[in-house]
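**Q** Got a predicted structure plus its sequence, pasted below:
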Amino acid sequence: MYIKSIQIHILIYRFIAFTMSYSIFCVGHPLIDMQVRQAEDLITKYNLKANDAILADVELESIYEELITERQVFYVAGGAAQNTARGAAYILPPNSVVFAGCVGDDELAEQLRAANKREGVLDVYQVNKGQKTGACAVLISKGHHRSLVTTLRAAKNLDEEHLWSPTVAPFMTSARVVYIEGFLLTHRPEIAIRLGRKVSEAGKIFVLNLSAPYIPRSYNTQIQEIIPYCDIIISNEAEAEAWAASNDHTEPTNISSVAKAIALLPKANVASPRIVIVTHGAHSTTVVSAENPDAPKIYPVQPLKEEEIVDTNAAGDAFAGGFLGAYVLEKSIDVCIETGHRLAAMCVGQEGPQYKWPKVNIL
Ligand SMILES: *[C@@H]1O[C@H](CO)[C@@H](O)[C@H](O)[C@H]1NC(C)=O
Ligand SMILES: *[C@@H]1O[C@H](CO)[C@@H](O)[C@H](O)[C@H]1NC(C)=O
């Protein structure tokens, strides 16, 4: 009886994946964001930088308890790749985006599921019994700065088997684009690397977001291993600069030059030339294609008025979501970048990694 119900379950998933056009598959650490404003004192107390993204060490573990008991916390669905998934779903038809990651069996996971459902992302979570779902303290301080302190908890336990399990694999098959956050390279990086290889061998588009300066700084070997499988690499200026420093690049602050160097790194699937995208906040976005590495394209960003800015948390994730959404719709790179800018601007105007509802058409 039990076996039978599992088989039916699997058949249903195959059917869903087959009949619907799930074209984007995202993998990352599902996190709940715990946002706190006027956090200057916490930044000083815990010796943090106003603008940064780090993993909580033992000393920082107490910050979550302190937030819960002493501050007014705004809970919102987070996690870099999951934010990107919701962003891509925002501009795509229903049943386009799937997200995989590992959560605990707690109320925080329920909040994430509700957000995904509301915003059109199908989550295929692995559930860690008795574990807590990962969290990210988002400390917002003056001048729209945000300091992110993450505790991964269940998120770091994602098993490779889960990605290829009968309920998840069909979506991998239906996807044309697989997107991962660089944070996956911090724990059991071989899972992300093998995923990249399989996706690349299948002739699909594999996209990596460098995610935070500490990834190229501390996990450069893992990045070197995964890069040959990457068709598109997304980073911001600080992450590109950190990559340059780790790889002895001679002009670390010249974004075009760093993007070109990354674009020209070895590539397994030579059929599609690599594209490297480096955002630079409200300044501009640089795109270099391996096809024409000496012709970087620089796209200006329409800056927002000071009073339109709520916070910049997850603006980069939103950019990636807008870009990917337009990309699977086979828009030109110019349109993809523009869509990314628009979705990022929308996110900056909302509290945390959120988009505007009811939906506005930004394509
Ligand atoms: C930055 O690098 C690009 C590409 O290598 C080069 O064309 C440009 O002259 C450099 N810019 C500066 C300011 O050095
Ligand atoms: C992904 O890329 C964006 C755009 O460069 C960047 O701002 C952001 O930090 C990255 N997001 C994550 C956390 O994966």
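**A** Cool, the structure landed. Numbers count the residues shown, from 1 in each chain. Ligands and ions are numbered 1, 2, ... in the order given.
**Q** count of residues packed around Leu265?
**A** Look at Leu265: counted by other C-beta atoms under 10 Å, it has 16 neighbours. (C-beta placed from N, C-alpha, C; glycine too.)
**Q** hmm, who's touching stretch 343-355?
**A** With contact meaning C-beta atoms under 8 Å, 6 or more residues apart in numbering, stretch 343-355 is reached by 33, 35, 74, 76-78, 83, 86-87, 90-91, 119, 138, 279, 302, 304, 308-319, 321-322, 325, 356, 360, 362.
**Q** Please pick the buried ones from those.
**A** The neighbour count (16 or more other C-beta atoms under 10 Å) marks 33, 35, 76-78, 83, 86-87, 90-91, 119, 138, 279, 304, 309-319, 321-322, 325, 362 as buried among the contacts of stretch 343-355.
**Q** and the residues you listed near ligand 2, which?
**A** Subset of those in contact with ligand 2: Thr279, Gly316, Asp317, Phe319, counting by C-beta under 6 Å from any ligand atom.
**Q** Pick out the most distant pair among those.
**A** Across those, no pair lies farther apart than Thr279 and Asp317, at 10.9 Å, counting by C-beta to C-beta.
**Q** Now do the SS call for the residue in the chain that ligand 2 sits nearest to.
**A** Closest to ligand 2 within the chain is Gly316: 1.9 Å, counting by C-beta to the nearest ligand atom. Classification of Gly316 by DSSP: H, G, I helix; E, B strand; the rest coil places it in helix.
**Q** Run through the residues that contact it.
**A** Asn209, Asn236, Thr279, Ala344.
**Q** With Arg188 instead?
**A** Taking C-beta under 8 Å, 6+ apart, one finds Lys156, Leu158, Glu160 in contact with Arg188.
**Q** how close does the last one sit to Cys230?
**A** Between Glu160 and Cys230 the computed distance is 19 Å (C-beta to C-beta, to the nearest Å).
**Q** What parts of the chain come near ligand 1?
**A** By the rule C-beta under 6 Å from any ligand atom, the part of the chain lying against ligand 1 is Glu251, Asn254, Ser256, Ser257, Lys260.
**Q** Which ones among those map onto helices?
**A** The helices, defined by DSSP state H, take in Ser256, Ser257, Lys260 from these.
**Q** list the buried ones in the helix or strand encompassing Glu239?
**A** If you go by DSSP states H and E, Glu239 is part of helix 237-246. Within helix 237-246, the residues that count as buried by 16+ other C-beta under 10 Å are Glu237, Ala238, Glu239, Ala240, Glu241, Ala242, Trp243, Ala244, Ser246.
**Q** Report pLDDT for Asp311.
**A** Looking at Asp311, its pLDDT reads 82.
**Q** State the phi and psi torsions of it.
**A** When read as degrees, to the nearest 10, the backbone of Asp311 gives phi -160, psi 160.
**Q** What ranges does the stretch 101-250 of the chain have for its strands?
**A** Along the stretch 101-250 of the chain, the stretches classed as strands by DSSP state E, counting those that start in this stretch are 121-128, 134-141, 145-151, 177-181, 205-209, 232-236.
**Q** Please identify which of these is closest to Val270.
**A** Nearest of these to Val270, taken as C-beta to C-beta: strand 205-209 at 13.8 Å.
**Q** Which residues does that closest one contact?
**A** Outside of strand 205-209, the residues within contact range by C-beta under 8 Å, 6+ apart are 80-81, 84, 176-182, 196, 199-200, 226-227, 229-235, 272, 316-317, 320, 324, 327.
**Q** Could you rerun that using 7 Å?
**A** 80, 176-182, 196, 199-200, 226, 229-235, 320, 324 (C-beta atoms under 7 Å, 6 or more residues apart in numbering).
**Q** Same check on stretch 103-120?
**A** Under the contact criterion C-beta under 7 Å, 6+ apart, stretch 103-120 has outside partners 30, 32, 75, 77, 86, 89-90, 94, 97, 99, 123, 125, 127-133, 135, 153-154.
**Q** What are the buried residues along it?
**A** Buried residues in stretch 103-120 (16+ other C-beta under 10 Å): Val103, Gly104, Asp105, Asp106, Leu108, Ala109, Leu112, Arg113, Ala115, Asn116, Glu119, Gly120.
**Q** Per-residue pLDDT of Gly352, please?
**A** What the model reports as pLDDT for Gly352 is 84.
**Q** Please give me every residue in contact with the residue nearest to Leu48 when sequence neighbours are not counted.
**A** The shortest distance from Leu48 to any non-neighbouring residue, by C-beta to C-beta, 6 or more residues apart in numbering, is to Ser147 (4.7 Å). Ser147 makes contact with Ile43, Leu48, Lys49, Ala50, Asn51, Asp52, Leu139 under the criterion C-beta under 7 Å, 6+ apart.
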